[in-house]
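Peer 1: got a predicted model here, sequence first, then my questions.
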Amino acid sequence: MRLQNSLLFFIGKAVLFLIAIAIVWHFISPAYNDLLAATANLFHPAHTKIVSYGQDTLRVYLSGSYRAYEIYGLDLQYGLLIVLALIAATPGLRLMKRFKFILIAFIIMFLIHVASILVFAKVASSEKPTTISSNPFVVFFCIIGPDLFPALVWMALAFRQFFPKPESNDAEPQKQT
Amino acid sequence: MGKKQKKETQRRWARRVSHDKKKQTKPGYIARLRPRIQSVVAYIKRNWTVAKVCFFFAALILIFLLIYSKWLTGKAPLADLERITAHITASVLNFFGGPVKVDGTLVHSNKFSFEIIEACTGVIPMMIYVAAVLAYPSTIKINKIGIFHNIIFLRPLNALLAMVFLLDWRKWLGIVLGLLVIYAVNIVRMVTLFLIGTHFHSFFNVAHYLIWQALMILVAIALWLLWTMRLAHAAPK
């Protein structure tokens, strides 16, 4: 694949897809936030309750305390958009495979989002408010993760489109006799 | 040989055969797992270069994670970068005519204001880009044992120094140029977000959280792909 020539085209397409998906997602995100909160509540740590407020906020409430800890919902969700945009723009994928990748990426990112919320809730319920933001797990899942995971998921699914597997040695020309 | 003896030997044979059959039909847990393990090992062997890249990338992310959470969150280097970013953003906005002021990390005008925080400095896309460039295969072999020894003993700075002095020039060039481009794009992001906040405030959340944060990662991925094609010599096999 001539990557040098098509890289600009690929990035341009990804940006257009991203803007289109972001505008649509603006209306979907409250429902997605509710879904995240409902799923996280199934597995939430003891003494916590996770509630979503509109498209923006997910709050972690601790029982016996007035304090609530907030995660900005869109801060997690943009990772999903970038994966979808990247898969939609990846050159050389068949339509069915593209849809399959989109579905897989959606499921993985959803699970990662739920895991991130649960980790945040767990840390919030066990640490002082001042040390939450510097907790390595919170940094990994809620600060680095939203940027890192989409890139990893996309690379895992589509990297062979950019780095095709070399042909095996069996395909080498036969020796002349 | 008497009849009794014959029957006894036949019974013994029958027992042995049934015992062998039991052995054949019900292999142990490890024996059943062995072909699967072998196939996984064979898969990793076939994709050894990719596996190495993934492992090295994960180790680098771990180092950066430790550096970020231990030494950067709310500490001097990142706080300075926040202030510098705020000043550059204000300078660019003033260059284009908007009367904008800076107070520490707060950029404000009569109509709109925002604060530059850690995430607004572009440091996370930078970290991911640097980790991806460092993890990519190179001709110069890095002392990985030394690096991992330092990681295990939670000495991320030592691990980073061990790598820095053994880097290929192509990696240096890729890192320096890449970081400059990501930072420049981040300044464009801040300027456009300020303008959107001033003139199209209802669109600010979409532009800030959904479009620009995702675009920063897209820029990092694009730069890495460009670096692998232009400067790095070999694709992972």
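Peer 2: Great, that's in hand.

Peer 1: state the next helix or strand along the chain beyond the longest helix belonging to chain A.
Peer 2: Taking residue count as the measure and DSSP state H as the definition, the longest helix of chain A comes out as helix A:3-43. Using DSSP states H and E, the helix or strand that follows helix A:3-43 towards the C-terminus is strand A:48-53.

Peer 1: ok, that next one near chain B or not?
Peer 2: No - under the criterion of CB under 8 Å from any CB of the partner chain, chain B is not reached by strand A:48-53; the shortest gap measures 13.7 Å. C-beta here means a position set from N, CA and C on the backbone, and glycine is covered the same way.

Peer 1: run the angle between the longest helix of chain A and strand A:48-53 for me.
Peer 2: Computed by axes from the mean of the first three to the mean of the last three CA atoms, to 10 degrees, the angle separating helix A:3-43 from strand A:48-53 equals 120 degrees.

Peer 1: elements contacting helix A:3-43?
Peer 2: strand A:48-53, strand A:57-62, helix A:73-89, helix A:95-126, helix B:213-230 (3 or more CB pairs under 8 Å, 6 or more residues apart in numbering or on different chains; DSSP states H and E).

Peer 1: one more pass at 6 Å, please.
Peer 2: Other elements packing on helix A:3-43 under the criterion 3 or more CB pairs under 6 Å, 6 or more residues apart in numbering or on different chains; DSSP states H and E are strand A:48-53, helix A:73-89, helix A:95-126, helix B:213-230.

Peer 1: close to chain A: what parts of chain B are there?
Peer 2: Residues of chain B found near chain A (CB under 6 Å from any CB of the partner chain) are B:65, B:68-69, B:73, B:124-125, B:128, B:206, B:209-211, B:213-214, B:217-218, B:221-222, B:225, B:229, B:235-237.

Peer 1: and the strands in chain B?
Peer 2: Along chain B, the segments classed as strands by DSSP state E run B:101-103, B:106-108, B:113-115.

Peer 1: ignoring the adjacent residues along the chain, who's closest to residue 98?
Peer 2: With no chain named, the answer covers chain A. Taking CB to CB, 6 or more residues apart in numbering or on different chains as the measure, residue A:98 lies nearest to residue A:87, with 6.3 Å between them; neighbours along the chain are not counted.

Peer 1: try chain B instead
Peer 2: Once its chain neighbours are removed from consideration, residue B:98 has its nearest residue in residue B:109; the separation is 6.1 Å (CB to CB, 6+ apart).

Peer 1: tell me, how many residues neighbour that neighbour?
Peer 2: Per other CB atoms under 10 Å in any protein chain shown, the neighbour tally for residue B:109 reads 16.

Peer 1: which residues touch residue B:13?
Peer 2: Taking CB atoms under 6 Å, 6 or more residues apart in numbering or on different chains as the definition of contact, residue B:13 has no neighbours.

Peer 1: ditto for residue A:25
Peer 2: By CB under 6 Å, 6+ apart, the contact list for residue A:25 reads residue A:81.

Peer 1: quick check: it vs residue B:84, distance?
Peer 2: According to CB to CB, to the nearest Å, residue A:25 stands 32 Å off from residue B:84.

Peer 1: just to revisit the earlier point, how near is the residue nearest to residue A:98 to chain B?
Peer 2: When CB to the nearest CB, to the nearest Å is the yardstick, residue A:87 and chain B sit 12 Å from each other.

Peer 1: burial check on that residue, number of neighbours?
Peer 2: Applying the criterion other CB under 10 Å, we find 25 residues in the vicinity of residue A:87.
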